[in-house]
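In: Fold the following.
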Amino acid sequence: MSIFGTMRTGVSGMNAQANRLGTVGDNIANSSTVGYKRASTAFSSMVLPSSAGNYNSGGVSSNVRYSISEQGGFSYTSSPTDLAIDGDGFFIVTASRDPDAPQYLTRAGSFTRETVEEPAGSGIYKTFLKNSAGYYLFTPSQATASNNRFPGSVVEIPGDDIQATPSTSGALSLNLNNETAVGGTFKTSLTGYGYQGKEIVYDVTYTKTGDNAWTVSVTDTGTGTEVVPATPITFDPSTGAKVTGTNDILTIPAVAGRNAAISLDISGAKQLASKSDIISGGLNGSGAASVTEVVFNEDGSIDLKYDNDAIVSTGSRIMLATVTSPDNLVPINGNAYSASNTSGVLIANDPGSKGTGNLLISTLETSNVDIANELTEMIEAQRIYSANSKVFQTGSELLDVLVNLKR
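Out: Have a look, this model is predicted:
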């Protein structure tokens, strides 16, 4: 038996417990960090060759492991850009907006909008999604990574965008009084939108031309132009319903710089013994409106909601990355991970498909740290560290005895 070996064994035990205390301290410090995955310390024995009459003490080695695949809890917020993943998968992020910037994986979905002028001095503003660690949300253009990198770009959404949607279709259902004299008219108006969000009012005029027979015309009140000339329609003498199959759709032609072509469905018209009146009607489209919020959908698509309640797709979307062995990812600063040779191939898919988890909106994933468990481990590490120090101390005392034999 070697006294020095015994002392080294005690030191090895103290070092191992110091590592354990280090992981416990990290876990407690990050217990409130969004998406944090706890670290733990595993131990393995180190054995030196011994004989039946001579035992050589070895030691212990420690290995830090991360519970990356373990799901955390959820907390719910009022921010539409707070995202969480229920199940497997990671958000793909980059360190900067540079196309060659390093790409990482993270479960920390506390994103906020960052609007910047790009290029500087151009007057063009772009908005990106950036999490609390400073990483930008990235969307790949293909499902499989090459050399642990996806082709693609950071997610970009319009900043203070203002948009208008011209009218392209509509419908008008109404009743025409069957007792109207020949030559009598009924007029109503529909409001549509032209290019650049300009409001356009169209007068729709019905004129009786005979028994169960009318014409309908449309006039642009802004220009006074009859955009749809008098078009004949007829009604069934028994039911009073419009005879379908002929002139069911009126087409308001496009006018360069003013309005798009509009298809107006008038097949719902009736002629009954009741006053002429509108049943329902309207044109699609919207006037100029500004963005009020970013809308994330569970399928990963991203829309913009405008102050007129219109919802328009941005064309951008969120895809989630998966790997075969997530616990073998390499942790880096900012609660992110990089792929390693043992973590497996990176594959990206839409949320909720092909093994990826579901995307939760206005939700954050909490850390998977159990404070009670960490405090227990801390006490254990403290006691075992103290016991190992006693081994070292005893070895030192035996060494003193050995040295004093010479005196």
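In: all strands of the stretch 201-350 of the chain, in order?
Out: Remark: strands assigned in the stretch 201-350 of the chain by DSSP state E, counting those that start in this stretch are 213-220, 225-234, 249-252, 262-265, 270-272, 277-283, 286-296, 301-306, 311-317, 320-322, 330-332, 336-338, 347-349.
In: Out of the ones you listed, which gets nearest to residue 68?
Out: Minimum separation from residue 68 across the strands of the stretch 201-350 of the chain (Cβ to Cβ) falls at strand 336-338, 6.7 Å. (Each C-beta comes from the backbone N, C-alpha and C, glycine too.)
In: how about low-confidence regions in the stretch 51-200 of the chain?
Out: Low-confidence segments of the stretch 51-200 of the chain (pLDDT under 70): 158-161.
In: Please produce JSON lines containing the strands of the stretch 201-350 of the chain, extended by mean pLDDT and mean neighbour count.
Out: Shown next, in JSON lines, are those (pLDDT from 0 to 100; neighbours: other Cβ atoms under 10 Å):
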{"stretch": "strand 213-220", "mean pLDDT": "96", "mean neighbour count": "20"}
{"stretch": "strand 225-234", "mean pLDDT": "96", "mean neighbour count": "15"}
{"stretch": "strand 249-252", "mean pLDDT": "96", "mean neighbour count": "17"}
{"stretch": "strand 262-265", "mean pLDDT": "97", "mean neighbour count": "20"}
{"stretch": "strand 270-272", "mean pLDDT": "95", "mean neighbour count": "20"}
{"stretch": "strand 277-283", "mean pLDDT": "94", "mean neighbour count": "14"}
{"stretch": "strand 286-296", "mean pLDDT": "82", "mean neighbour count": "17"}
{"stretch": "strand 301-306", "mean pLDDT": "85", "mean neighbour count": "18"}
{"stretch": "strand 311-317", "mean pLDDT": "81", "mean neighbour count": "15"}
{"stretch": "strand 320-322", "mean pLDDT": "94", "mean neighbour count": "24"}
{"stretch": "strand 330-332", "mean pLDDT": "94", "mean neighbour count": "14"}
{"stretch": "strand 336-338", "mean pLDDT": "95", "mean neighbour count": "20"}
{"stretch": "strand 347-349", "mean pLDDT": "92", "mean neighbour count": "20"}
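In: Let me know which of the ones you listed is the nearest to residue 187.
Out: Nearest of those (Cβ to Cβ): strand 213-220, 9.2 Å.
In: partners of that closest one in the sheet?
Out: Note on strand 213-220: by DSSP bridges, its sheet partners are strand 199-210 (antiparallel), strand 225-234 (antiparallel).
In: which one of the ones you listed lies closest to residue 336?
Out: strand 199-210 (49.0 Å).
In: mind listing what's buried in that closest one?
Out: Neighbour counts over strand 199-210 (16 or more other Cβ atoms under 10 Å) mark 200, 202-208 as buried.
In: the longest helix in this structure is where?
Out: Among the segments of the chain that qualify as a helix by DSSP state H, the longest is helix 371-404.
In: Mind checking the pLDDT average for stretch 23-42?
Out: Stretch 23-42 shows a mean pLDDT of 93 in the predicted model.
In: Enumerate the positions of that stretch that are buried.
Out: For stretch 23-42, by 16+ other Cβ under 10 Å, it's 23-24, 26-28, 30-31, 33-41.
In: Farthest pair within the residues you listed?
Out: 34 and 41 (23.8 Å).
In: related to what we said a few turns ago, of the buried residues of strand 199-210, closest to residue 113?
Out: For the buried residues of strand 199-210, the nearest to residue 113 is residue 200 (33.9 Å; Cβ to Cβ).
In: Now distance to residue 386 too, for the strands of the stretch 201-350 of the chain, in CSV please.
Out: Shown next, in CSV, are these (distance: least, Cβ to Cβ, whole Å):
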stretch, distance to residue 386
strand 213-220, 91
strand 225-234, 92
strand 249-252, 88
strand 262-265, 84
strand 270-272, 93
strand 277-283, 80
strand 286-296, 51
strand 301-306, 55
strand 311-317, 55
strand 320-322, 44
strand 330-332, 30
strand 336-338, 35
strand 347-349, 48
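In: Relative to residue 169, which of those is closest?
Out: The nearest among these, by Cβ to Cβ, is strand 262-265 at 4.9 Å.
In: picking up where we left off before, so for residue 81, which of the strands of the stretch 201-350 of the chain sits nearest?
Out: Of these, the one closest to residue 81 (Cβ to Cβ) turns out to be strand 286-296, at 6.2 Å.
In: Partner strands of that closest one, with direction?
Out: strand 162-165 (antiparallel), strand 301-306 (antiparallel).
In: how about those in JSON lines, adding distance to residue 114?
Out: Conversion of the strands paired with strand 286-296 to JSON lines gives the following (distance: least, Cβ to Cβ, whole Å):
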{"stretch": "strand 162-165", "distance to residue 114": "20"}
{"stretch": "strand 301-306", "distance to residue 114": "15"}
